[in-house]
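*Asks:* Predicted structure and sequence below. I'll ask about it afterward.
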Amino acid sequence: MGCTAERVAEALRAVARVVAEHREELVRLDREIGDGDHGENLNRGFTALVSKLDGDVPGTPGAVLKSAATTLISVVGGAAGPLYGTAFLRAATSVGDAAELDAGAVAGALRAALEGVVARGKAAVGDKTMVDALTPAVAAASSVAATGGDVAGVLAAAAEAAEQGAESTVPLVARKGRASYLGERSAGHLDPGARSTALLLRTLAGSAR
Amino acid sequence: MGCTAERVAEALRAVARVVAEHREELVRLDREIGDGDHGENLNRGFTALVSKLDGDVPGTPGAVLKSAATTLISVVGGAAGPLYGTAFLRAATSVGDAAELDAGAVAGALRAALEGVVARGKAAVGDKTMVDALTPAVAAASSVAATGGDVAGVLAAAAEAAEQGAESTVPLVARKGRASYLGERSAGHLDPGARSTALLLRTLAGSAR
Amino acid sequence: MKKIINDPATVVADALRGMELAHADLLDVQYDPAVVVRVDAPVPRKVAVVSGGGSGHEPLHAGFVGRGMLDAACPGAVFTSPTPDQVLAAVQRTNGGAGALLIVKNYTGDVLNFETAAELAAAEGIEVRSVVVDDDVAVKDSLHTAGRRGVGGTVLLEKIVGAAAERGVDLDGCEALARKVAGQVRSMGLALAPCTVPHAGEPSFTLADDEMELGIGIHGEPGRQRVPVRPADSLVPALLDPILGDLPFGAGDRVLLFTNGMGGTPLLELYLAHGIAERLLAERGITVRRRLVGPYITSLEMQGMSLTLLKLDDELVELWDAPVRTAALRWGL
Amino acid sequence: MKKIINDPATVVADALRGMELAHADLLDVQYDPAVVVRVDAPVPRKVAVVSGGGSGHEPLHAGFVGRGMLDAACPGAVFTSPTPDQVLAAVQRTNGGAGALLIVKNYTGDVLNFETAAELAAAEGIEVRSVVVDDDVAVKDSLHTAGRRGVGGTVLLEKIVGAAAERGVDLDGCEALARKVAGQVRSMGLALAPCTVPHAGEPSFTLADDEMELGIGIHGEPGRQRVPVRPADSLVPALLDPILGDLPFGAGDRVLLFTNGMGGTPLLELYLAHGIAERLLAERGITVRRRLVGPYITSLEMQGMSLTLLKLDDELVELWDAPVRTAALRWGL
Ligand SMILES: Nc1ncnc2c1ncn2[C@@H]1O[C@H](COP(=O)(O)OP(=O)(O)O)[C@@H](O)[C@H]1O
Ligand SMILES: Nc1ncnc2c1ncn2[C@@H]1O[C@H](COP(=O)(O)OP(=O)(O)O)[C@@H](O)[C@H]1O
Ligand SMILES: [Mg+2]
Ligand SMILES: [Mg+2]
Ligand SMILES: [Mg+2]
Ligand SMILES: [Mg+2]
């Protein structure tokens, strides 16, 4: 079975719950090498998104993703707002007005999301940002989709790769975002945006099972 | 032997040393029920007095006391400045231009000092101020002088009584000065001004031996 | 203790040097004895308005020296009232022939030192009057205390009397106005975290993580009550209710509301508290006609705030609005 | 955490309510999205000068809204850059037909959100320019960082460009002026004690009793170096020398010296530091022509300070002196 608008909305509700549960963890990670608001920012955004979805779930997966994008952009602020917002916006554009998303569409949406983040934030792999989680996730998702995997398989692979990618940020010296001000002192800490990306993908994978 | 100008000056130098040694103790006592400056204030004043005496020691005990008074008034500030300043001023007036002070003169000077403090500060015994140390000191000094004691005896009795008087402030609830703002919470603390009065008299007694 | 200072013994003089350079257009600084006077002092035929007190409450008082407010301020050592020499020098430097009004916060040390200075000035033939400010409702004014402390009301009184003096009101008039303002202004403060006096090197008091000190003074003197911290919605009434009940203030009154920071509290929190206080006053039918929000009478880096309420009439509103040009308060000039 | 707040989630809106009441003569507040605009906006044919950023830096930016400075400020959540909706609403509310200049502090979040807003405004046919302020010499401006942060220079730039806009300088002129100011202003800060973000509930960093953070940002971002605390005489050069070496500033230069408090440092210490900085500049043959001393760009209750140096010419001096009427800076009006 493909991925309907209703299922995408459900998955985003699950993401909101997970973000709320991990709010403090993300704040703590951001306090260490940033300004301590990442968990609060995302929680504010996804809470607003749930309210919006409670009112009305748009008819297509693309429309749901677009609604998520505009909500995140107008509620989150900080670096994460525009970056996650752009990610969802590009994903929405990539899936068009299909009624259901198959594995290829999901992998394509992830790739579009990554391209959006890079277009806005100009970060490369190794800069210690969410890009370090999203890039391997996109590669893993594409290869599973190309070899005939289903949506759940694509997202499971993406989540797995994103978690490893997030972990890989620990020893890195940040070159983008607020953590870059720390120079060498940013090494030894998990990047909060990479962590939230991994959490998000893991939750999407769980919802797709 | 009576008390010459030089000996009064020596005694005041000794007081300056003792105040410096007890600066932190007096600050701590004042922090507990006041604003934490009593030791600093007195130390500033007596340090200035020593500088002045190093330049020139006036010719009579009265003139030395007057010099102490004006220095304390113009350097100490706070409540202690005018109160100690007035005490020394009245003591100076009381001894006139005698070249040496005998036991009676010393006891009389102490009484004049007390009267000055009360005239300025309006405190009575039991209000938890320096008056609680000075009042019994004056009584003890007068009775020793009246029964033929010498200067050393007068001052030793005054110091002894002042120390007991200072201790007696511990359980009291303050009714004058900054500690009175605390109401009941001022009980259980030694009054810093009573403590400094006792220290001063003990040092004078030591110098007179 | 972490402070941006060199030596606790010279901190006041060192800060004055910076102030002198920062505000050369407004004030002149004299160091021994320490006095800050407006740059055009003495102003002929104008009553000299002089105040002073321990340092550590900046911008009070030196930050209020200038046209339309104080002619001189006498900065004592940190939290220590100034000496008579300072006050006398201030009066001498600013007396323009119309005499001087001394504004004294009610602390034993301040009262005694200003008293002596007033006597010395009088002996020199300068006419001097003194007004004592004692607006802190946290202290019971009774035989059992040194009386109420002078706190936030001092700022308002200095502005209003300064404006009157600038307009040429004579010494009698300035004194009467000062007594009027002192009679209808009330304040109360609280502390969330203590300050550290440089020469003491340790915090003036300690508070547990969940405690605050209600009725705190501006010298880190402990307040009257230590209570658990609470949300702003219940903390603001804890300051406002004792003030309202004291004068008392009531429906129909027009007031100036002064929400003051103790030095270490963010402006964000002060505005938040101010909003709550305005709402509470509106609920009681009291009209806030003027307001002042910010750290104007502080206690070094103490975290906390105070509220001050002044009952207004048209005369006071007009004097409040009159031009003022000082380091810390400035409008119309 | 001890703060005068109700709920961390509503702290900005709650504070804005107090600000709105305290400064009704100067500004209007709109809550969703949150925007603070000058009371007479839009001013016909005047370039709208708009800024904004995370809250917690008060008085920046809302305290600078008013005649001669900002037309609007967009307060984000505490330490979180505002959203494009806020910036767009600000531009819409203040555009008087001459377009808008956005003053953006160089943080990834601010740059991205203002960028989106600028696109949205352009799509509505409003001409918009953006200038990024990045004056913090503590951060290496290289491929390996997000570039220098925008700190104290922002205050000076907002004042100067605001004055030009008020005089009718057009969008091109305002933009060029803003770039000129941004190009010749440099800052550096330090922290003695951390701040606590309300929603985080714990200090943003911890410092040992004898440590300070050199090169601190205004969001409690750790600085580049943790060093032992030292006397003011050696601490001020630790801020000033990197600034001087950077532009560089040299003998014969005329400057504005801005000694800024981080929120929790007493004015007494700021003046003391200011005096030292002036002396050091004089020794180097640099003339301080204008100064600003006080907590103008803060980091909640953080203890610490920053120095900002702006190279002046007659044009900038004149614009600095031009009348301004805002909650936090006011003269000539
Ligand atoms: N230029 C960038 N490209 C990609 N991701 C970035 C970039 N800058 C920051 N990020 C991500 O954003 C995260 C921080 O988000 P958040 O704390 O919400 O914003 P802010 O830094 O504005 O407080 C970082 O952990 C990082 O993963
Ligand atoms: N009215 C008074 N009469 C007598 N002594 C007083 C009075 N008020 C205060 N004192 C004394 O002064 C001491 C405090 O002195 P100090 O700390 O130097 O001044 P301040 O209270 O102005 O800081 C008190 O401990 C008390 O003994
Ligand atoms: Mg962050
Ligand atoms: Mg004291
Ligand atoms: Mg004192
Ligand atoms: Mg942020």
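*Replies:* Okay, I see it. Ligands and ions are numbered 1, 2, ... in the order given.
*Asks:* Tally up the residues packed near C:Pro248, please.
*Replies:* For C:Pro248, the neighbour count with other Cβ atoms under 10 Å in any protein chain shown is 9. No exception for glycine: its C-beta is placed from N, CA and C like everyone else's.
*Asks:* actually C:Ala208, not the one I typed
*Replies:* Every residue meeting other Cβ under 10 Å relative to C:Ala208 is counted, giving 9.
*Asks:* What separation do you get for it and C:Arg290?
*Replies:* 37 Å (Cβ to Cβ, to the nearest Å).
*Asks:* what's the answer for A:Ala179, then?
*Replies:* With Cβ to Cβ as the criterion, A:Ala179 and C:Arg290 are 46 Å apart.
*Asks:* Then A:Ala68?
*Replies:* Applying Cβ to Cβ, the value for A:Ala68 to C:Arg290 is 48 Å.
*Asks:* Work out for me the element A:Thr47 sits within.
*Replies:* When elements are defined using DSSP states H and E, A:Thr47 is found to belong to helix A:38-55.
*Asks:* Pull out the CA atoms of that helix and give them to me as CSV.
*Replies:* Output for helix A:38-55, consisting of C-alpha atoms alone and laid out as CSV, is shown next (Å, rounded to 0.1, in the frame of the first residue of the first chain):
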residue,chain,number,x,y,z
HIS,A,38,16.7,23.8,18.9
GLY,A,39,14.3,21.5,20.8
GLU,A,40,12.1,24.4,21.8
ASN,A,41,12.0,25.7,18.3
LEU,A,42,11.0,22.4,16.7
ASN,A,43,8.5,21.6,19.4
ARG,A,44,6.8,24.9,18.9
GLY,A,45,6.7,24.3,15.1
PHE,A,46,5.4,20.7,15.2
THR,A,47,2.9,21.6,17.9
ALA,A,48,1.5,24.3,15.6
LEU,A,49,1.5,21.8,12.8
VAL,A,50,-0.6,19.3,14.8
SER,A,51,-3.2,22.0,15.6
LYS,A,52,-3.4,22.8,11.9
LEU,A,53,-3.8,19.1,10.9
ASP,A,54,-6.4,18.8,13.7
GLY,A,55,-8.4,21.4,11.8
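*Asks:* Now the residue lying farthest from the centre of chain A, what are its backbone angles?
*Replies:* Most distant from the centre of chain A: A:Glu184, at 26.5 Å, with distances by Cα atoms, centre = their mean. Comment: the main-chain dihedrals of A:Glu184 come out as phi -60, psi -30, following degrees, to the nearest 10.
*Asks:* Does it touch A:Val173 like I think?
*Replies:* Yes - the pair A:Glu184 / A:Val173 is scored as a contact, 5.8 Å apart, by Cβ atoms under 8 Å.
*Asks:* Find the residues that touch each one of these two.
*Replies:* When contacts are counted by Cβ atoms under 8 Å, 6 or more residues apart in numbering or on different chains, A:Glu184 and A:Val173 have no shared neighbour.
*Asks:* ok, which residues in chain A are in contact with ligand 2?
*Replies:* Along chain A, not a single residue is adjacent to ligand 2 under the rule Cβ under 6 Å from any ligand atom.
*Asks:* near chain B at all, the lowest-mean-pLDDT helix or strand in chain C?
*Replies:* Across the helices and strands of chain C, mean pLDDT, DSSP states H and E gives its lowest value to strand C:225-228, namely a mean of 91. No - counting by Cβ under 8 Å from any Cβ of the partner chain, chain B has no neighbours in strand C:225-228; the shortest distance is 8.8 Å.
*Asks:* who does that strand touch, helix- and strand-wise?
*Replies:* Contact here means 3 or more Cβ pairs under 8 Å, 6 or more residues apart in numbering or on different chains; DSSP states H and E; on that basis strand C:225-228 packs against strand C:211-214.
*Asks:* For the strand it packs on, which strands pair with it and how are they oriented?
*Replies:* The pairing partners recorded for strand C:211-214 under DSSP bridges are strand C:185-193 (antiparallel), strand C:225-228 (antiparallel).
*Asks:* tell me which residues of that strand are tucked away?
*Replies:* Neighbour-count burial for strand C:211-214 flags C:Met212, C:Glu213, C:Leu214 (criterion: 16 or more other Cβ atoms under 10 Å in any protein chain shown).
*Asks:* Skipping its backbone neighbours, what lies nearest whichever residue of chain A sits closest to ligand 1 in space?
*Replies:* Closest approach between chain A and ligand 1, counting by Cβ to the nearest ligand atom: A:Gly193, at 1.9 Å. The shortest distance from A:Gly193 to any residue other than its chain neighbours is 3.7 Å, reached at A:Met130 (Cβ to Cβ, 6 or more residues apart in numbering or on different chains).
*Asks:* how close does the one you found sit to ligand 3?
*Replies:* In this structure, A:Met130 and ligand 3 are separated by 12 Å, where distance is defined by Cβ to the ion, to the nearest Å.
*Asks:* Could you check how far that residue is from D:Ser142?
*Replies:* When Cβ to Cβ is applied, the distance between A:Met130 and D:Ser142 equals 22 Å.
*Asks:* got it, and C:Glu166?
*Replies:* Between C:Glu166 and D:Ser142 the computed distance is 55 Å (Cβ to Cβ).
*Asks:* C:Gly96 too?
*Replies:* 61 Å.
*Asks:* follow-up on the earlier one: out of the buried residues of strand C:211-214, flag the one nearest to D:Gln92.
*Replies:* C:Met212 (42.8 Å; Cβ to Cβ).
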